[in-house]
Structure formats: C-alpha cells, structure tokens
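Colleague: Have a look; sequence and predicted model below, questions after that.
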Amino acid sequence: MTTTTLAVLVPLLPFLGSVAGLLLGRTAPGYVRPLAVLPTLAAAVLAVLVAVRQGGGKAIDAATQLTPTGSVPIDLALYIDGFAALVAVLVGVVATCVQIYSTGYLREDPRYPSYAALVSLFTSAMLLVVYSGDLMVLLVGWEIMGICSYFLVGHYWETPEARAASLKAFLVTKLGDVPFLIGLFALAADAGTFRITGVLGAVANGGLDHPTLIALLLLAGVAGKSAQFPLHTWLPDAMAGPTPVSALIHAATMVAAGIYFTARLLPVFAASAAAMTVLAVMAAITMVGSALAALAQDDIKRVLAYSTIGQLGYMAGALAVGDRGSAVFHLLSHAAFKALLFLAAGTVIHAAGTNSLTAMSRMSGLAKRIPDAYWTMTVALLALAAIPPFAGFFSKEAVLVAAEHTALGDRTVAPAGAGWTVLVAGLLTALLTAAYALRLWLRTFRGRGAEAPDHGRQPIAMTSVLWVLAIPSLGFGLTVTYLDDWFDGNALTPTVVTAVLGTGLAAAGAAVTYAVWRTLAARTPVAAPVPHVAHPDAEAGLVEAEALHLPHPAEDPADPGRALLGPLHGPAADGFHLDAAYRTAFVRPVLAAASLVRFLDREVVDTYVRAAGTSAKGLGWFVRRAQTGNVQTYLSALLAGSVVLAIVAVALANAVAGA
C-alpha cells in the first residue's frame, strides 16, 4: 500500500467510525465502544507508518482537482512534511487514549454513543487539517472542529453552565473565523492558488501584494482557535464539558490547530515585520496574563485551562521569532503532559464522584486513594514546570533559545524587539508556571480541605492511559537530538544561559510557593470529612455542592496563590475582567441596538402597517354600505352626482369667461 493511500485512510477511518457509531448507537449499543476505539487506534497506527515512511525527508505532495471553480482551483491535496507526520501521530495517540479513557469515565452516561461519535469526528477533522495541502479543504476540517466543540462542550446540556460555555466557545471562535476566511480569500487572490505549496512559492518569489493585511486577518482566526489574547476567554469556560473532551481539545485538536496552521504558513507571516511584532506582543500578554490567572483559580480544570493558554503563548512566541521547529516541538511535548494532566484531573473528579469537587480547596487525602493519578500527575506537573529532564524542559528551552537568538540579532526572520518581548515574557512565565503547578499539586494531594467520599478503585481503562501518557511526558524531550531532520534541520538543544535562567526562575517560583504554603498550612485547621451522599447523577457532573453538603471555598486561608498575588488575586481570578469588558463594549451595545430595533419595529413600522390595514378596512366598510342592491337608490345617486358635476362645470366655465 502506498504512503499516499495510508495517509488518506488516517482521517477517513475515524470519520467512518463516527458515522457508524451514530447509526448504530441506538440499535446496536454493543458496537459503540469498539467503533469508538478501534478506528481511532487504526488511524494512529497508520499515522505512525506514514511518519516512518516520510522519515523527516522530502515532503509527500499529492493532489487531485475537485470540481472546477472557474477561478482559483480547489484541490483535494495531501502535503505531509516532518511536522505534519509527527503532529498526526500525536493526534492519533492522544485521541486513542481519550477514547479508551472515556469508556471508563462515561460508562454510565446515556449519551455516550453520540459523545464517542463526535470525538471520532473531531479527531478526523483535526487529521484533515494536519494532512491537507489545500487551504479550502483545511478550512473544512477547521470548521468541523468548531461545531464538534460546540456539541461536546455542551454535553451536559442540562446544566446552564454547559449550555453557556458551548455557545460562548462557538461564538468567540467564529469571531476570529470571519476575518480568517477573508484572509484566506485574500491570500488565494494574491497567490493565485489555495495549494499550500503554491502559496509558499508565491511568498518566496515576492508574489504577495498585501502581506501585512493577510497576516493580520489570519492571526484573528489563529487567536480564536488557539485561545490567544484577546480571544482566549472561551477556553476556561469550556471546562463545563466532560474532562476527556478537555484533554482532547487542549492537547491534540482545536487549540493546536491555530498554532499548526501558523507553523505551516510561517513564511506568509514572516513576510510582514508588523505581523510578527503583533504576534510577539499577543503571545507575551497571553503567557504572563494566563499564568497570573492560573495562580488565582480554585477549580483544578480552570487552572489547567489557563495553563494551556499560557503554553500556547509559548508556541505563538516561538512562531513570532520565526522558529516553527521549536513551536511544533513544544506543541508535541505539551500535548503529552497536558493530556495527562486533564485525564489525571478526571480521575480525581471520578474518584470524588462529582464535578463539584473540582475545587482544590475541598480536596484532601487523594494521594493514597488514587496513587495512579498522584504519580502520573506529578510527572506531568514537573514537565509543565519545565524541570529537567522532563519533556517540558527541553521544548520550553527550545522556545527561549529561539527568542534569545532573535533578540541578539543572530536570526533576522523577525524584529529583534519581538525576540526580547518573547524572551522576557517567557522567563517570567517560567517562574509563574512553576508556582501555579506546585500550588495545584499541594492543594490537590496535600490539601487540608474536607475529604470527599471514597468511590472505590478507578477503572483500569482510565489508569492505564495515565501511565501510557506518562512515558512521553517524562522521556520525549530526551529525543531532542534525533529530531533535527523533522524540524527544518534546526538544533533544538538547550543553551546554558537560557537553561540556567529558566530553571533557576522555575525553582525560585516553586520554592517561594512552597514556603508560603507551609506557613499558611501551619495556621489552618483540617476541615471535617464530607459525609458520603449517594446520587445517581454524580458521575455525570449534575450534582451541585449543596446537594453533597459541601462547604463553599470562599476564601481558603491555606491558598498560597492569594498571598502571592495580593491585590492582583481578585482581578486574576476573574480573568482580569475581560469578559466584563466585552459585555460593556460589545454585548450591551448589541442588546441595546436590538431593543431599539424591536421598539421601532413595534411602535413605528407596526403602527404604519396597522394604520394601512385600518384604512383599508374603513374604506371597505364604506363601499359595502353603499352597495344596497336598490336600483332606485343607485339612479338617485347617479342623478345627484350628475347635477353636482353640471353645477361645478358651469361654475368653472363662468370663472374662466370672467377671467
């Protein structure tokens, strides 16, 4: 079987599994789990074979033209270079882990068949984005992911939080997709093609007439999809969906798509120094702001959500300094440990029996009860904090090294100012990341909250996946010296300066956080255990804290984040009031305009319509009253009218004669 055929099957198999799962979900429920897991697993295996055959060498480029458009042609094209081959493996492996994990996590969920089918469709759409060699075909996968995220985030549609989160995720990403679509059309108009190879060739030959405009329009879509400032606000709220969905969105699909797209078309962005500067500033604000927000969150999933935003900021920063190798390297590394973090958090939630216990202030005694989640989450947090030799250290250092080279003028792809912006923000974020990572670990596994009821040992489908993902979280960075050929031939190894600075700042952030926690914990009494309350909807996340008699986490006195942030804690916990700013700047004016339009429609337009109807009705009444059916009346009226007309005619004639 040719490599091209194998590559076609990679996105096709999950799609077929999705269709079959939707068709057989009700009539043959016994087939749902195999149809969820096996096609995705097969796609992952085929993606590995494609990567082995591609080998980091010459890109695989094949295409067949679709229906002629009459202008710019659209091709069903494959373009698989080293980046695409590795990212496809990542998507396949993480999606397979999520599907296996979900068989245990959602085993009692009545909507599991539709959930599993949507996850398969989600996976297929991302694989289409990864392998596509035509921007219009890529856009199909891009938009399918958007609608899948809407349904999956809103899986628990009984809760108002899930409904609001799914709608918010859809609308905010669409806000970026509109200029993104315009940018694609403008790019195709300048380059004369939607083919990625043709676009890159046009850029190399100076064929783009409006590089800055195109790049900025495309960046709007990237900011929405990859949750970059200022369109990142949907991602923390998307935690209302099932935890495995969060793992998939944050690690291998949705948010990775924007970074991957930018990496693939980096020469388009690099053609505009202004666009690279905007990207650098956007990445810097995203990194630092999200790290501060993560340090203030009490919900474990929201901490991880803001963490994802910050790590995506690192990737965007690497792209802003013109190094797509380090960006994709961190994308791969981050996918492993972030998927592990979310799935371990899901194990914590599953052990507690309700989504209400995602608040870290309510956690206690979990290290001994769920040792698999404890040890694997420890590995993932060390990778997140970029502690050597874990994977996050090598990939984050690659980003900092790229920023250092640009700042010092060793690379001229981007302005030196962009390099300094990314470097300073990246180092500050390294300190904050270690702080909130240790805070999460301490409050989750060493917390002094009210201990939740024990729901027994977790399903092996969940715990086994954690250990599978722990392997790349620990060891993927050690392959850095073997990946140069896959990443444009650029070295990704750390340098002494950035390694010492980055690791030193991370160690300082962790040390200060631990010292503050020890001081606060010594003053805080242990909360009383929470009594066990059985509830049939507990695992579906439909039980509120009040139903389980849980205390509210108003102001946890043992929270080091509150002490470290001081007056910044309130704004950071609320995402620096960005949602409130959007409500004031956009939502309220739109609602006011809608109210005005409704008033005008009801009081002005409807008034004229009603008046026209009333006039016609009155005229009809008058005419109806005149139709008596009496011939003598008609003749009398005719005679009277004739007499009146005659008198008027005589009067007019006399007036004319007298004049």
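Modeller: Good, I have the coordinates.
Colleague: Now do the contacts for His405.
Modeller: His405 makes contact with 321, 323, 411, 419, according to Cβ atoms under 8 Å, 6 or more residues apart in numbering. Glycine gets a C-beta too; all of them are placed from N, C-alpha and C.
Colleague: of those, the lowest pLDDT goes to which?
Modeller: Among those, Arg411 carries the weakest pLDDT, at 84.
Colleague: Please, which helix or strand holds the residue lying closest to it once chain neighbours are set aside?
Modeller: For Arg411, ignoring the flanking residues on the chain, the nearest one in space by Cβ to Cβ, 6 or more residues apart in numbering is His405 at 4.8 Å. Assigning secondary structure by DSSP states H and E places His405 in helix 391-407.
Colleague: before we move on, what about Ala62?
Modeller: strand 60-65.
Colleague: Sheet partners, orientation included, of that strand?
Modeller: When pairing is defined by DSSP bridges, strand 60-65 lines up against strand 75-80 (antiparallel).
Colleague: for Ala77, what are its contacts?
Modeller: 61-64, 132-134, 137, 195-196.
Colleague: same thing but 10 Å
Modeller: 61-66, 131-138, 194-198 (Cβ atoms under 10 Å, 6 or more residues apart in numbering).
Colleague: Same check on Ala320?
Modeller: When contacts are taken as Cβ under 10 Å, 6+ apart, Ala320 is in contact with 262, 266, 269-270, 275-284, 313, 327, 402-403, 406, 413-415, 418-419, 421-422.
Colleague: Where does the prediction get shaky in this structure?
Modeller: Low-confidence segments of the chain (pLDDT under 70): 67, 69, 352-358, 364-365, 448-456, 524-556, 659.
Colleague: got the buried residues for the helix ranked longest in it?
Modeller: Identified as the longest helix of the chain according to DSSP state H is helix 160-191. Buried residues in helix 160-191, counted by 16 or more other Cβ atoms under 10 Å: 162, 165-166, 168-170, 172-173, 175-177, 179-184, 186-188, 190-191.
Colleague: Could you do stretch 211-219 as well?
Modeller: Quick answer for stretch 211-219 (16+ other Cβ under 10 Å): 211, 213-219.
Colleague: Among these, which are located in helices?
Modeller: Per DSSP H, the buried residues of stretch 211-219 map to helices at 211, 213-219.
Colleague: Apart from its chain neighbours, what residue comes closest to the residue positioned nearest the centre of the chain?
Modeller: Nearest to the mean C-alpha position of the chain, by Cα atoms, centre = their mean, lies Val255 at 4.4 Å. Spatial nearest neighbour of Val255, excluding adjacent residues (Cβ to Cβ, 6+ apart): Ser226 at 5.0 Å.
Colleague: Need phi/psi at that neighbour.
Modeller: Note on Ser226: backbone dihedrals following degrees, to the nearest 10 are phi -100, psi 20.
Colleague: number of nearby residues for Tyr374?
Modeller: Tyr374 is flanked by 18 other residues according to other Cβ atoms under 10 Å.
Colleague: wait, isn't it in contact with Ala470?
Modeller: No: the criterion here is Cβ atoms under 10 Å, and Tyr374 misses it with Ala470 at 11.6 Å.
Colleague: any common contacting residues for the two?
Modeller: Ala344.
Colleague: returning to that earlier point: would you point out the most distant pair within the ones in helices among the buried residues of stretch 211-219?
Modeller: Across those, the longest distance by Cβ to Cβ is 12.2 Å; it joins Pro211 and Leu219.
Colleague: Show me whatever sits in contact with both of these two.
Modeller: 269, 275.
Colleague: Where does the residue nearest to the centre of the chain sit: helix, strand or coil?
Modeller: helix (DSSP: H, G, I helix; E, B strand; the rest coil).
Colleague: tell me the contacts of it?
Modeller: 145, 149, 225-228, 232, 235, 238, 249, 305, 308-309, 311-312, 315, 331, 334, 338.
Colleague: one step back: what's in contact with the strand holding Ala62?
Modeller: Outside strand 60-65, the residues that touch it by Cβ under 10 Å, 6+ apart are 2-5, 7-8, 50, 53-54, 73-81, 84-85, 131, 133-134, 137, 195-197.
Colleague: For Asp559, see how far away the residue lying closest to Ala116 once chain neighbours are set aside is.
Modeller: Nearest non-adjacent residue to Ala116, counting by Cβ to Cβ, 6+ apart: Ala36, 3.6 Å away. Relative to Asp559, Ala36 is positioned 39 Å away (Cβ to Cβ, to the nearest Å).
Colleague: Comparing the two, which residue is more hemmed in?
Modeller: A count of neighbours by other Cβ under 10 Å puts Ala36 above the other of Ala36 and Asp559, at 28 against 25.
Colleague: ok, back up a step: ok, of the buried residues of stretch 211-219, which one's closest to Leu564?
Modeller: Among these, and counting by Cβ to Cβ, the member closest to Leu564 is Leu219, at 32.6 Å.
Colleague: Wait, that closest one touches Pro179, no?
Modeller: Yes: the criterion here is Cβ under 10 Å, and Leu219 meets it with Pro179 at 8.5 Å.
Colleague: circling back to that earlier point, report the buried members of the contacts of Ala77.
Modeller: The buried subset of the contacts of Ala77 (16+ other Cβ under 10 Å) comprises 62-63, 131-138, 194-196, 198.
Colleague: now those as TSV including distance to Ser395?
Modeller: Putting those into TSV (distance: Cβ to Cβ, whole Å) gives the following:
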residue	distance to Ser395
Ala62	31
Ala63	32
Tyr131	23
Ser132	25
Gly133	27
Asp134	30
Leu135	28
Met136	32
Val137	29
Leu138	25
Phe194	32
Arg195	30
Ile196	25
Gly198	31
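Colleague: which among these gets closest to Asp299?
Modeller: Once Cβ to Cβ is applied, the member of those that ends up nearest Asp299 is Leu138, at 34.0 Å.
Colleague: Just confirm the closest one is within a helix.
Modeller: Yes: with three-state DSSP as the criterion, Leu138 is part of a helix.
Colleague: Report the contact partners of the nearest residue to it once chain neighbours are set aside.
Modeller: In space, and not counting its chain neighbours, Leu138 is closest to Ser132: 4.1 Å by Cβ to Cβ, 6+ apart. Going by Cβ under 10 Å, 6+ apart, Ser132 touches 11, 75-80, 84, 138-142, 194, 196, 264.
Colleague: and of these, the nearest to Gly289?
Modeller: Closest to Gly289, out of all of the contacts of Ser132 and judged by Cβ to Cβ, is Trp142, at 25.6 Å.
Colleague: From what I see, the closest one and Ala256 are in contact.
Modeller: No: under the criterion of Cβ under 10 Å, Trp142 makes no contact with Ala256, lying 11.8 Å away.
Colleague: ok, back up a step: let me have the buried residues of stretch 211-219 in JSON lines, extended by distance to Ser464.
Modeller: Shown next, in JSON lines, are the buried residues of stretch 211-219 (distance: Cβ to Cβ, whole Å):
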{"residue": "Pro211", "distance to Ser464": "49"}
{"residue": "Leu213", "distance to Ser464": "50"}
{"residue": "Ile214", "distance to Ser464": "46"}
{"residue": "Ala215", "distance to Ser464": "44"}
{"residue": "Leu216", "distance to Ser464": "45"}
{"residue": "Leu217", "distance to Ser464": "44"}
{"residue": "Leu218", "distance to Ser464": "40"}
{"residue": "Leu219", "distance to Ser464": "40"}
